[in-house]
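Student: Okay, sequence plus prediction incoming.
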Amino acid sequence: MLRKKILALLSIAMLAVGTAGCKSDASEPADPELLLGFSQIGTESAWRIGNTLDIEQQAENYGVGLMLENANQKQENQIDAIRRFIAYKVDVIAFSPIVEDGWDNVLSEAKEAGIPVILVDRDINTEKSDLTTCLIGADFYKEGVMAGEYLVRKADSLGLDHINIVEITGTENSTPMMQRQAGFLDAIKGDERMTVLESIDGDFLKSRGAECMRHLLDTYGDEIDVVFSHNDEMTIGALPEIEEAGYTPGSDMIIISIDGGQEAINVLKDGKINCVVECTPKLGKALMETALKLKNGEEVDRVIHPEEQVFSDEQDTSLIGPRGY
Ligand code: AHR
């Protein structure tokens with residue numbers, strides 16, 4: 001049967017390009033109802049690793065054959081992976097675009113091949129709305145708004161009259177970077193107490209979070225009242241720098257993070273982070289259900305946002321349960 005041949009070829013081909021981080025799942029069903037090609041961005045954060053694990057787990061739960069490729073943070077690897085998925089004639093392609101621009105050509109090829117494409121986690125910038133079927137991912141703008149609203153409440157409760165903010169952003173031109181920044185700025189807009197001293201690209205990486213924080217401390221020192229970091233990984237990188245510079249995060253500086261992974265939640269419980277806006281990586285179930293619908297020719301929602309919440313020092317943090325990522 002053609003599908004069995006494709007899966008056999010797939011295993012060989014995926015192993016052959018192992019340096020690009022490909023994975024062929026040994027537990028993959030021999031003849032799945034649906035073959036899904038998924039290009040993951042990389043392993044830059046606990047969030048990303050949790051997202052990959054969730055997608056693998058849900059593929060197994062739904063009996064979906066998963067071709068998973070890790071792009072190691074490179075857009076060109078994602079484009080190559082999508083081309084391989086087209087060549088293998090998968091039923092559905094899904095991918096998490098590292099940045100928003102530059103996808104029209106490869107997605108036009110998928111469209112020509114008649115393969116539906118699902119955006120997972122992040123969006124793309126295109127004038128051609130028919131290149132993708134839907135987006136399954138967080139409302140990043142709302143996350144930024146929730147972070148900004150927390151800061152306004154915190155400033156009120158502390159009676160602060162002037163607040164200097166530094167922002168460590170995620171990867172430039174990525175959806176979470178642009179939307180979280182926009183939401184945060186909109187939430188504090190018009191509040192005369194707030195000044196953003198500097199916004200710096202931390203690329204969602206722990207090492208960059210540390211580098212950015214060192215630069216910010218060297219430049220602004222004790223002028224800094226608030227650190228708004230676009231993900232937990234960069235926050236965890238920044239905290240030791242703050243302590244080494246002689247400040248206590250959580251009290252000398254208000255620390256706001258996004259994701260809600262276990263490590264950051266533990267630090268929130270210790271009082272060194274003040275607020276963590278949740279961004280759930282658990283998108284696998286919605287992805288499998290949507291891909292199966294597309295395979296069966298059913299209509300799907302254009303945008304699927306998971307429910308998310310805010311964890312902060314405004315609540316009894318001892319009640320926050322295990323996060324699972
Ligand atoms: O796109 C989601 C973001 O990407 C998460 O906030 C971050 O941790 C990840 O790297």
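Tutor: Great, that's in hand.

Student: ok, now which ones touch E172?
Tutor: 99, 201, 203 (CB atoms under 8 Å, 6 or more residues apart in numbering). (Each C-beta comes from the backbone N, C-alpha and C, glycine too.)

Student: Of these - the most surrounded one?
Tutor: D203 (22 neighbours; other CB atoms under 10 Å).

Student: can I assume V227 is in contact with I168?
Tutor: Yes: using CB atoms under 8 Å, V227 is in contact with I168, at 6.9 Å.

Student: who touches both of the two?
Tutor: Contacts common to V227 and I168, judged by CB under 8 Å, 6+ apart, are 213, 216, 235, 238.

Student: got TSV for the contacts of E172, with pLDDT too?
Tutor: What follows is those, written out as TSV (pLDDT from 0 to 100):
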residue	pLDDT
V99	98
D201	98
D203	98
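
Student: Could you tell me which of those are located in helices?
Tutor: Judged by DSSP state H, those include no members of helices.

Student: Which of the residues you listed sits closest to the ligand?
Tutor: Closest approach to the ligand among those (CB to the nearest ligand atom): D203, at 9.0 Å.

Student: burial measure for the nearest residue to that closest one once chain neighbours are set aside, as a count.
Tutor: Nearest residue to D203, sequence neighbours excluded (CB to CB, 6 or more residues apart in numbering): T171, at 5.1 Å. Each residue near T171 was counted by other CB under 10 Å, and the total is 23.

Student: My guess is T171 contacts S96. True?
Tutor: No: if you go by CB under 8 Å, T171 and S96 don't touch, sitting 11.6 Å apart.

Student: And the residue of the stretch 51-200 of the chain closest to the ligand?
Tutor: For the stretch 51-200 of the chain, CB to the nearest ligand atom, closest residue to the ligand: P176, 4.3 Å.

Student: for that residue, what are its contacts?
Tutor: 122, 138, 140, 143, 170, 230-231, 258, 279.

Student: cool, and L197?
Tutor: 164-166, 216, 220, 223-224.

Student: Over to K282?
Tutor: Going by CB under 8 Å, 6+ apart, the list of residues near K282 reads 50-51, 54, 306, 324-325.

Student: Check the secondary structure at A94 for me.
Tutor: strand (DSSP: H, G, I helix; E, B strand; the rest coil).

Student: And it, how close does it get to L68?
Tutor: 10 Å (CB to CB, to the nearest Å).

Student: who has more neighbours, the two?
Tutor: Neighbour count, other CB under 10 Å: between A94 and L68, A94 has more, with 31 against 22.

Student: Could you tell me the model confidence score at that one?
Tutor: Note for A94: predicted pLDDT of 99.

Student: tally of neighbours for the residue lying closest to it once chain neighbours are set aside?
Tutor: Leaving aside its sequence neighbours, A94 sits nearest to I118 (CB to CB, 6+ apart; 4.2 Å). Applying other CB under 10 Å, we find 22 residues neighbouring I118.

Student: ok, I118 touching E289?
Tutor: No: using CB under 8 Å, I118 is not in contact with E289; the gap is 10.8 Å.

Student: Quick one: residues contacting S45.
Tutor: 204-206, 231-233, 259, 261.

Student: and with 6 Å instead?
Tutor: 204, 231, 233 (CB atoms under 6 Å, 6 or more residues apart in numbering).

Student: Same list, those, but as CSV with neighbour count please.
Tutor: Formatted as CSV, the contacts of S45 follow (neighbours: other CB atoms under 10 Å):
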residue, neighbour count
F204, 29
N231, 32
E233, 28
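
Student: Of those, which are in range of the ligand?
Tutor: 204, 231, 233 (CB under 6 Å from any ligand atom).

Student: Out of the shared contacts of V227 and I168, which is nearest to F184?
Tutor: T235 (14.4 Å; CB to CB).

Student: What segments of the stretch 51-200 of the chain are helices?
Tutor: Counting by DSSP state H, counting those that start in this stretch, the stretch 51-200 of the chain has helices at residues 75-87, 104-112, 140-158, 175-188.

Student: Can you tell me which of these is most buried?
Tutor: helix 175-188 (a mean of 22; mean count of other CB atoms under 10 Å).

Student: Return the distance of that one from the chain's centre.
Tutor: 14 Å (CA atoms, centre = their mean, to the nearest Å).

Student: still on that earlier bit, from the contacts of E172, which is closest to L319?
Tutor: When the contacts of E172 are compared against L319 (criterion: CB to CB), the nearest one is D203, at 33.3 Å.

Student: Quick check: that closest one vs R180, distance?
Tutor: 14 Å.

Student: do the same with A187
Tutor: 11 Å.

Student: now D313
Tutor: Counting by CB to CB, the gap from D313 to R180 is 20 Å.

Student: Show me what from the stretch 1-150 of the chain comes close to the ligand.
Tutor: Taking CB under 6 Å from any ligand atom as the contact definition, the stretch 1-150 of the chain meets the ligand at 44-45, 47-48, 121-122.

Student: Brilliant, that's me finished.
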